[in-house]
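Visitor: Sequence plus predicted model, see below.
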Amino acid sequence: MISKLKEKKVFSKIKDPLVEFVRLEAFGGIVLMVFTVLALIFANSPLSDQFLAYWKQYVGFQFGDWQLKKTLIHWINDGLMAIFFFVVGLEIKREMLTGALSSIKQASLPIFAAIGGMLVPALIYIFLNGEGPGSQGWGVPMATDIAFALGVLILLGKRIPLSLKLLLTSIAIVDDIGAVMVIAIYYTSEISWSYLLYGGGIYIVLWMLNLLNVRKVSVYLILGIILWYMLLKSGVHATLAGVMLAFTIPAKASRNVPEFIKDNTRILTRLNKKVEEGEGDADQHSIQSCIGAVEDNCVQVISPLLRLEHFFHSWVAYLIIPVFAFANAGVVIDAELITKVNDPVFLGILFGLLLGKPIGIFLFSYLSAVVGWSQKPLDVSWKQIVGIGFLGGIGFTMSFFVSQLAFLDENVLSLAKLGVLVASLIAGSVGFALLRFGKK
């Protein structure tokens, strides 16, 4: 009985990685909250000048005439965040192949909800800003921070059904697809066509390796770094290299689970016999060979995509995103900034996230269900969908990221960040209250 439970636990991680994804993202959201608060404390303390100046110092590499030097904040936003987008790309590909986005029936509700959650906030922002100086910021309130949103959900414990957590996760993943498209199409600077051509060549090689069934992940990662450099020099935002690379990673395992069980049972039976016979140190090589064969089988039964996602996800959730927040969330909140809260940029982001997200997510979900284009999970109420709509208004990581691309003026950027922080705090609190005090 115990062995069956252990076996079920092991293979559930292979069978349903989305559940593990939700758990990691939720705890990562709590870590993210801590680093956000620390950034705000440092930015508004006597150490403010040193704290903000620290991220603007130049670091890099130089070999002869070739050099690559960027400010620390650029290394984080263009470098570390490329790894974040790589994991996002892996998640999107997995969900499209085997998860909640793999069929029209499963994907319809989160797709409609995410479209509404992107379209309505953007329209609110455009309505308030028109063609003014802040008009390029319409992409900021479109984003949802999945780590923060799931971090709020985990505080609610068992009051929230798993299907609601998975629905919010699916909405956020579709939201990420939209954000990637917006960054690629709208927030791209002048193009260097020669570097873009080189990058295209590298990308063709990556797809050829995929088609040839090459499974050595180190080859993909090395070429991915070169692709990142080519996009960085081309003017296309370098973080898109992460998503592009993710889609070339093989998604099928070398062997299936029945083969894995059969081979390992045979190997472990032989290993057990050798141990029981007690053949001593003379047969250690044979024993180690058996253990190595079991290890190889364990690698082959999990696809390169899942292995890379599992490896990088913890680093992203517990290191990269907190570091990004620590470097970017440090807004100096002074009297001058507070007097500008009636600025269209601040109001567009505030109302886009706080009102546009829940209205868009609920309205598009409800209408798609009424006309029969989607189906709401039976254990989820419409009030709970309104609740996760407000949680979708926690923009944070992606909103900060798009703000960096949209606003070059430091004053406008600070105002945009303040709008994201205020909207995320209020939206998260309202969403928590709706889900906490609503019917179980």
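Guide: Cool, the structure landed.
Visitor: For the closest residue to Ile160 other than its chain neighbours, give me its contacts.
Guide: If the residues on either side of it in the chain are set aside, Ile160 comes closest to Leu153, at 5.5 Å by Cβ to Cβ, 6 or more residues apart in numbering. Bear in mind the C-beta positions are built from the backbone N, C-alpha and C, glycine included. Leu153 sits next to Ala26, Ile160, Leu164, Lys165, Leu168, Ile388, Leu391, Leu435 when contact means Cβ atoms under 8 Å, 6 or more residues apart in numbering.
Visitor: Isn't the third one up against Val380?
Guide: Looking back up the chat, that one is Leu164. Yes. Contact between Leu164 and Val380 holds when scored by Cβ atoms under 8 Å: they sit 5.1 Å apart.
Visitor: pretty sure Val174 contacts Phe112?
Guide: No. Counting by Cβ under 8 Å, Val174 does not reach Phe112; the two are 9.2 Å apart.
Visitor: Quickly list what's touching both of these two.
Guide: Joint contacts of Val174 and Phe112 (Cβ under 8 Å, 6+ apart) do not exist.
Visitor: re the thing from before, which one of the contacts of Leu153 has the most neighbours?
Guide: Ile388 (32 neighbours; other Cβ atoms under 10 Å).
Visitor: Next one: the residue nearest the centre of the chain relative to Ala107, how far apart?
Guide: By Cα atoms, centre = their mean, the chain has its centre lying nearest to Val88, at 4.2 Å. Note on Val88: its distance to Ala107, by Cβ to Cβ, to the nearest Å, is 17 Å.
Visitor: What ranges in the stretch 1-150 of the chain fall below the confidence cut-off?
Guide: Scanning the stretch 1-150 of the chain with the threshold set as pLDDT under 70 gives 1-28, 100, 102, 106.
Visitor: For it, which segments are assigned as strands?
Guide: Along the stretch 1-150 of the chain, the segments classed as strands by DSSP state E, counting those that start in this stretch run 58-63, 66-71.
Visitor: Can you give the contact residues for the first one?
Guide: Read it as strand 58-63. Counting by Cβ under 8 Å, 6+ apart, Gln67, Leu68, Lys69, Lys70, Thr71, Leu72, Trp75 sit against strand 58-63.
Visitor: What are the boundaries of the helices in the stretch 251-400 of the chain?
Guide: Counting by DSSP state H, counting those that start in this stretch, one finds helices in the stretch 251-400 of the chain at the ranges 257-277, 284-300, 304-315, 321-328, 335-338, 344-351, 357-370, 382-391, 396-406.
Visitor: Make JSON lines from the ones you listed and add distance to Ile83 and mean pLDDT to it.
Guide: Output for the helices of the stretch 251-400 of the chain, formatted as JSON lines (distance: least, Cβ to Cβ, whole Å; pLDDT from 0 to 100):
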{"stretch": "helix 257-277", "distance to Ile83": "29", "mean pLDDT": "72"}
{"stretch": "helix 284-300", "distance to Ile83": "22", "mean pLDDT": "71"}
{"stretch": "helix 304-315", "distance to Ile83": "6", "mean pLDDT": "87"}
{"stretch": "helix 321-328", "distance to Ile83": "10", "mean pLDDT": "89"}
{"stretch": "helix 335-338", "distance to Ile83": "32", "mean pLDDT": "84"}
{"stretch": "helix 344-351", "distance to Ile83": "26", "mean pLDDT": "94"}
{"stretch": "helix 357-370", "distance to Ile83": "27", "mean pLDDT": "94"}
{"stretch": "helix 382-391", "distance to Ile83": "25", "mean pLDDT": "92"}
{"stretch": "helix 396-406", "distance to Ile83": "13", "mean pLDDT": "86"}
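Visitor: Any chance of CSV for those helices, columns distance to Ser48?
Guide: Output for the helices of the stretch 251-400 of the chain, formatted as CSV (distance: least, Cβ to Cβ, whole Å):
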stretch, distance to Ser48
helix 257-277, 55
helix 284-300, 49
helix 304-315, 29
helix 321-328, 14
helix 335-338, 13
helix 344-351, 21
helix 357-370, 31
helix 382-391, 31
helix 396-406, 18
